[in-house]
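*Asks:* here is the input, now give the coordinates:
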Amino acid sequence: MLRFDDLALFVRTAELGSLSAAARELDCSPAVASAALKRLEQEVQTRLLLRSTRSLRLTLEGEQYLAHARAALASLEAGRQQLAGGKDRLDGVLQLAAPSDFGRNVLLPWLDGFQAEHPQLGLRLLLSDRVTDLFRQPVDLALRYGEPEDSSLVALAVASANRRVLCAAPEYLARHAAPQQPDDLRRHNCLLYMLGGRVHERWSFTQGRQTQVLSVSGNRASDDADVVRRWALAGQGVVYKSWLDVAGDVAAGRLRLLLPGWQGESTPLNLICAHRDQLSMPVRLLREFLQQRCATLLAQAPWA
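*Replies:* You can find the predicted model right below:
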């Protein structure tokens, strides 16, 4: 297999007319340079240079191959510059994964606005509450609640102050007295969310220095967070949701906040990618766009 550094050494040797000068320029020893040229000649099965202790010249085949070697190196350099320049270009396709509820009910209209500002950008959106494998699935970025379990991933904060809140529809509260303390939830139908086959039935609340963690129960559970929210809107029970997911419902009166004196657990929203090399201009603009809109919702949060 041809090696990039072997081609570069061959071209510079031909241009400088000296193997030792090319070796010095490319920061390698004459022995390493000589081995590289020998390896290249073996790869192309042709003598490219005629060398003696005092002179060096290209063979006829070497002169012919030099043009191709230069073209190959120029093409590779152009490709490198295109990739480097692409980080600051505002075109291409952003492939984004997002949680089901936040994605459908909050993110979708935001992305309309983002594309209106940058119409040359395309979007591919994957909505799922399953943890997206950024190395195996055709996704560049993922919006996720909570810190990533894989420390090798890059997490960019979008809404670090976000929390869960307890709420229910007016229809449910017309039939059941609103809880006054976290312990009162044991007498309520709690709508539960599942992830990875595990039901999240332990809900945490903080008041000052006091923290209460209790196990709740209910007659419905789903692995789709949007379904859990829809059950709450239909008056089927009490729900423990990210503020970003329900801020619009609370503002419209479709859901009412419960236990106003208690704070739910921290649920930061992050933009996750596999490598820092992926932090292109479109990614940076998307993050800033989402930060601004999340900040508007967080300014209306009960703890703000």
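*Asks:* right, and the helix or strand after the worst-scoring helix or strand of the chain on mean pLDDT?
*Replies:* Lowest by mean pLDDT, DSSP states H and E among the helices and strands of the chain is helix 60-86, with a mean of 76. Next helix or strand after helix 60-86 toward the C-terminus (DSSP states H and E): strand 92-98.
*Asks:* now stretch 261-276: average pLDDT?
*Replies:* Averaged over stretch 261-276, pLDDT sits at 90.
*Asks:* now the strands for the stretch 51-200 of the chain?
*Replies:* Applying DSSP state E, counting those that start in this stretch to the stretch 51-200 of the chain gives strands spanning 56-58, 92-98, 121-127, 141-145, 154-159, 164-168, 192-195, 198-200.
*Asks:* let me have the ones you listed in a markdown table, extended by distance to Ala14, mean neighbour count and mean pLDDT.
*Replies:* Bear in mind the C-beta positions are built from the backbone N, C-alpha and C, glycine included. Shown next, in a markdown table, are the strands of the stretch 51-200 of the chain (distance: least, Cβ to Cβ, whole Å; neighbours: other Cβ atoms under 10 Å; pLDDT from 0 to 100):
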| stretch | distance to Ala14 | mean neighbour count | mean pLDDT |
| --- | --- | --- | --- |
| strand 56-58 | 6 | 16 | 85 |
| strand 92-98 | 38 | 19 | 86 |
| strand 121-127 | 44 | 15 | 89 |
| strand 141-145 | 45 | 22 | 90 |
| strand 154-159 | 43 | 18 | 92 |
| strand 164-168 | 67 | 25 | 98 |
| strand 192-195 | 61 | 18 | 92 |
| strand 198-200 | 65 | 12 | 93 |
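*Asks:* for Leu50, which of these is the nearest?
*Replies:* strand 56-58 (5.4 Å; Cβ to Cβ).
*Asks:* just checking, what packs against the closest one?
*Replies:* strand 49-51 (3 or more Cβ pairs under 8 Å, 6 or more residues apart in numbering; DSSP states H and E).
*Asks:* tell me the helices and strands packed up against the strand it packs on.
*Replies:* Strand 49-51 packs on helix 4-16, strand 56-58, going by 3+ Cβ pairs under 8 Å, 6+ apart.
*Asks:* list the contacts of that strand.
*Replies:* Strand 49-51 has contacts (Cβ atoms under 8 Å, 6 or more residues apart in numbering) with 10, 13-14, 19, 37, 41, 56-59, 62.
*Asks:* report the distance from it to the chain centre.
*Replies:* Mean-position distance between strand 49-51 and its chain equals 52 Å (Cα atoms, centre = their mean, to the nearest Å).
*Asks:* buried ones in it?
*Replies:* Leu49 (16 or more other Cβ atoms under 10 Å).
*Asks:* could you do stretch 198-210 as well?
*Replies:* Per 16+ other Cβ under 10 Å, stretch 198-210 contains these buried residues: 201, 203-206.
*Asks:* give me the contacts around that stretch.
*Replies:* Here stretch 198-210 has contacts from 164, 166, 182, 185, 190, 192-194, 211-217, 221, 240, 259, 261-265, using Cβ under 8 Å, 6+ apart.
*Asks:* how does it look with 6 Å?
*Replies:* 182, 192-193, 212-213, 215-216, 221, 240, 261-263, 265 (Cβ atoms under 6 Å, 6 or more residues apart in numbering).
*Asks:* again, but for stretch 31-44
*Replies:* Under Cβ under 6 Å, 6+ apart, the answer for stretch 31-44 is 2, 6, 9-10, 19, 23, 47-48.
*Asks:* I'd like those residues as a markdown table, with distance to Leu153, neighbour count and pLDDT appended.
*Replies:* Listed next are these as a markdown table, based on distance: Cβ to Cβ, whole Å; neighbours: other Cβ atoms under 10 Å; pLDDT from 0 to 100:
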| residue | distance to Leu153 | neighbour count | pLDDT |
| --- | --- | --- | --- |
| Leu2 | 35 | 11 | 77 |
| Asp6 | 36 | 20 | 85 |
| Leu9 | 38 | 25 | 86 |
| Phe10 | 41 | 27 | 88 |
| Leu19 | 46 | 20 | 86 |
| Ala23 | 41 | 21 | 85 |
| Arg47 | 50 | 13 | 90 |
| Leu48 | 46 | 22 | 89 |
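*Asks:* between those residues, which sits nearest Gln120?
*Replies:* Closest approach to Gln120 among these (Cβ to Cβ): Leu2, at 36.9 Å.
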